[in-house]
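> coords please:
(4 chains)
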Number of protein chains: 2
Amino acid sequence: MTDPLEPISRRSTAAIVADRIRAAIMRGTFPPGTQLGEVDLAQRLGVSRGPLREAMQRLVAEGLLRSERHRGLFVRDLDAADVRDVYTARTAVERAAALLLLAAPDRAPAVARLTTAIAAMEAAVAAGDAVALADADHEFHAELVAASGSPRLHRMSRTLLVETRMCLAALQQNPPPPESLLAEHRLLRDALEQGDATRMTAVLEAHMADAVSRILDVTLVDPAAGESGEAPALPA
Amino acid sequence: MTDPLEPISRRSTAAIVADRIRAAIMRGTFPPGTQLGEVDLAQRLGVSRGPLREAMQRLVAEGLLRSERHRGLFVRDLDAADVRDVYTARTAVERAAALLLLAAPDRAPAVARLTTAIAAMEAAVAAGDAVALADADHEFHAELVAASGSPRLHRMSRTLLVETRMCLAALQQNPPPPESLLAEHRLLRDALEQGDATRMTAVLEAHMADAVSRILDVTLVDPAAGESGEAPALPA
DNA sequence: GGTTGTACGGTTGTCGACAATCGCATTGGG
DNA sequence: CCCAATGCGATTGTCGACAACCGTACAACC
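Next up is the predicted model:
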């Protein structure tokens, strides 16, 4: 599959560090709001503060971290507006990717990959593994955008998917109903396979709307003291 | 307008440097493919290599620069596929922004700002100033996305607009017909003002398709030795 | 003549240390 | 008892220097 020759292309240390931190944020190792000390992270990763700071700047540019002068770097915490915004942007990106895929000459391999992701979701549901389910969900959408062949949509999507995981990690306590989640993804794949653009966009938008309403409803129900319509994710 | 008090919020040096470099790239000061020496830039901007490298990482993450290990940083040069990709992503982002704007309670101020941008375009056309026309065009689309109130769409748009300017700078020799450009923007504003979503998306997509075909046709006509369908922006 | 080996210049990658700034605990005063 | 001022600790921001690496040009060899 992968050519063992040629493009060894060792990535820069900053890129590797950025990927690590990104994965850690996505995984929930660093909950939103936590401060990331530079010296601590640097010696934990075995690098100096220079490359680490470069990696941090990348993540700040992506919107995953928030930098305060002489205060430090903090993992961004997302409020209700952010949740809506993430899903608005995701809808825009994934819709464009899907339309690009529909215009492609051969979308069979893409459909196959989506089916693989769905299979992973099914296995996760069968095993009752919520984390694996979220992973497979993530993989489904990542594959969808990657298959479009658009590097810019792909890059945007990567950041947005990480933010999605941040939202989900905040309310991991209340997982979504696995059946409807699976059904929505199957619908998405089917619409893509059949080449029905209008149906695909409709399903995609419904899927996103469902997700955001699910997240926001949960967060609004939980505190049980909701006079203001604001989400409770702002403890400050 | 701007409150002279309080939020002084001195931005980080890296952010300022990144903005400078970004503006320089957009302005065409650094043509695509040029290598950016760190020591040279650092002492020209009056900062050390540390903050400058952080700024560079931001631009690399945005896709404006390309980093090669131990080789240096280069301004990315865009080929035909990149042009299509930029406009695909722009269509996705601006369409979402416009739809968001249509759903907003009051879109009058946004329309006013777009009208201001159109007025600037008209003035540029009257003066025959191609650079001012491009600036106004840029401002129109930037305002459109900014008015949507979505920070993520706004961030994506900013990078994409810089890349658009990079494309335009490459073929500045052959400016687009000002009348049709103006007409398309007026149509866009009108559709937005009237709240006609389907017409707005149609106009927007047509506008983007026009732009990309204009750019690619120009680049394909120019070399006059086009056997391969590839764009000539790959001198390597 | 073509190819390989080698020395060189320049660039990036990385590191450690110093200075500036901020938050917080302590202490003095009202 | 509460509030304000101050000193301290910790963290970030910045800088200069060293080491590693790559591309190129020249020379030697087959």
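
> Is the spatially closest residue to A:Pro32 that is not a sequence neighbour in a helix, a strand, or coil?
Excluding its sequence neighbours, the residue lying closest to A:Pro32 (C-beta to C-beta, 6 or more residues apart in numbering or on different chains) is A:Asp77, at 3.4 Å. No exception for glycine: its C-beta is placed from N, CA and C like everyone else's. Under DSSP: H, G, I helix; E, B strand; the rest coil, A:Asp77 falls in the coil class.

> State the distance from A:Asp77 to A:Pro31.
8 Å (C-beta to C-beta, to the nearest Å).

> who's more crowded, these two?
A:Asp77 (17 against 12; other C-beta atoms under 10 Å in any protein chain shown).

> can you map out the strands along chain A?
Under the criterion DSSP state E, strands of chain A are mapped to A:35-36, A:65-68, A:72-75.

> Model confidence at the residue nearest to the spatial centre of chain A, what's the number?
Nearest residue to the geometric centre of chain A (C-alpha atoms, centre = their mean): A:Leu161, 1.4 Å. Per-residue confidence at A:Leu161 stands at 96 (pLDDT).

> what does chain A put close to DNA strand C?
Proximity of chain A to DNA strand C (C-beta under 7 Å from any atom of the strand) is limited to residues A:12-14, A:47-51, A:69-71.

> Stretch A:110-130: how far from the chain's middle?
17 Å (C-alpha atoms, centre = their mean, to the nearest Å).

> Give me the buried stretch members for it, please.
By neighbour count with 16 or more other C-beta atoms under 10 Å in any protein chain shown, stretch A:110-130 contains the buried residues A:110-111, A:113-115, A:117-118, A:120-122, A:124-125.

> any chance of the residues you listed in TSV, plus pLDDT and distance to DNA strand D?
Converted to TSV, the buried residues of stretch A:110-130 look like this (pLDDT from 0 to 100; distance: C-beta to the nearest atom of the strand, whole Å):
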residue	pLDDT	distance to DNA strand D
A:Ala110	96	35
A:Val111	96	40
A:Arg113	96	34
A:Leu114	97	38
A:Thr115	97	41
A:Ala117	97	37
A:Ile118	97	42
A:Ala120	97	37
A:Met121	96	38
A:Glu122	96	43
A:Ala124	95	36
A:Val125	94	41
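
> Of those residues, which is the nearest to DNA strand C?
When those are ranked by distance to DNA strand C (C-beta to the nearest atom of the strand), A:Arg113 comes first, at 32.7 Å.

> Could you list the low-pLDDT ranges of chain A?
A:1-10, A:170-174, A:218-236 (pLDDT under 70).

> Can you pull the residues of it lying near DNA strand D?
A:35-39, A:49-50, A:53, A:67, A:69-73.

> ok now do A:Ala197, which residues does it touch?
A:99, A:102 (C-beta atoms under 8 Å, 6 or more residues apart in numbering or on different chains).

> State the distance from it to A:Ser213.
24 Å.

> again, but for A:Pro175
A:Pro175 is 15 Å from A:Ser213, by C-beta to C-beta.

> who's more crowded, these two?
The neighbour count for A:Pro175 versus A:Ser213, taken as other C-beta under 10 Å, is higher for A:Pro175 (16 against 13).

> does A:Ala136 really touch A:Thr116, like I thought?
No - assessed by C-beta atoms under 8 Å, A:Ala136 is found out of contact with A:Thr116, at 9.2 Å.

> Which positions in chain A make contact with chain B?
Chain A comes close to chain B at residues A:10, A:12, A:14, A:18, A:50, A:53-55, A:57-58, A:60-63, A:67, A:69, A:85-86, A:88-89, A:91-93, A:95-96, A:100, A:150-153, A:155-156, A:160, as judged by C-beta under 8 Å from any C-beta of the partner chain.

> Selecting buried members of these in PyMOL, what would you type?
The PyMOL selection below is limited to those of these classed as buried (16+ other C-beta under 10 Å):
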select buried, chain A and resi 12+14+18+53+54+55+57+58+60+61+62+63+67+85+86+88+89+91+92+93+95+96+100+150+152+153+155+156+160
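
> Tell me which of the residues of chain A next to chain B fall in helices.
A:14, A:18, A:50, A:53-55, A:57-58, A:60-62, A:85-86, A:88-89, A:91-93, A:95-96, A:100, A:151-153, A:155-156, A:160 (DSSP state H).

> domain assignment for chain A?
Using automatic domain parsing, the domains assigned to chain A come out as A:13-75, A:80-221.

> could you dump stretch A:149-166 to CSV, C-alpha only?
C-alpha atoms of stretch A:149-166 as CSV (Å, rounded to 0.1, in the frame of the first residue of the first chain):
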residue,chain,number,x,y,z
GLY,A,149,-9.8,15.7,-2.4
SER,A,150,-9.9,19.3,-1.3
PRO,A,151,-6.9,20.1,0.9
ARG,A,152,-8.5,23.2,2.3
LEU,A,153,-11.8,21.6,3.2
HIS,A,154,-9.8,18.8,4.7
ARG,A,155,-7.7,21.2,6.9
MET,A,156,-10.8,23.1,8.1
SER,A,157,-12.6,19.8,8.8
ARG,A,158,-9.7,18.5,10.9
THR,A,159,-9.9,21.5,13.3
LEU,A,160,-13.7,21.4,13.4
LEU,A,161,-13.8,17.7,14.2
VAL,A,162,-11.4,18.2,17.1
GLU,A,163,-13.7,20.9,18.4
THR,A,164,-16.6,18.6,18.0
ARG,A,165,-14.9,16.1,20.2
MET,A,166,-14.3,18.8,22.7
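
> Look up how far A:Phe30 lies from the nearest residue in space to A:Glu68 that is not next to it in sequence.
Leaving aside its sequence neighbours, A:Glu68 sits nearest to A:Phe74 (C-beta to C-beta, 6+ apart; 7.1 Å). Distance, A:Phe74 to A:Phe30, by C-beta to C-beta: 9 Å.

> returning to that earlier point: surely the residue nearest to A:Pro32 is in contact with A:Gln35?
No - counting by C-beta under 8 Å, A:Gln35 is not a contact partner of A:Asp77; they are 12.0 Å apart.

> hey, what's in contact with both of those two?
Joint contacts of A:Asp77 and A:Gln35 (C-beta under 8 Å, 6+ apart) do not exist.

> does A:Ala146 really touch A:Met156, like I thought?
No - with contact defined as C-beta under 8 Å, A:Ala146 does not count as touching A:Met156 (12.0 Å).

> A:Arg84 contacts A:Val212, doesn't it?
Yes - with contacts defined as C-beta under 8 Å, A:Arg84 counts as touching A:Val212 at a distance of 5.9 Å.

> for the closest residue to A:Pro31 other than its chain neighbours, what are its contacts?
Setting aside the residues directly before and after it, A:Pro31 is nearest to A:Val75 in space (C-beta to C-beta, 6+ apart), at 6.9 Å. Residues counted as contacts of A:Val75 (C-beta under 8 Å, 6+ apart) are A:25, A:30-34, A:36, A:64-66, A:166.
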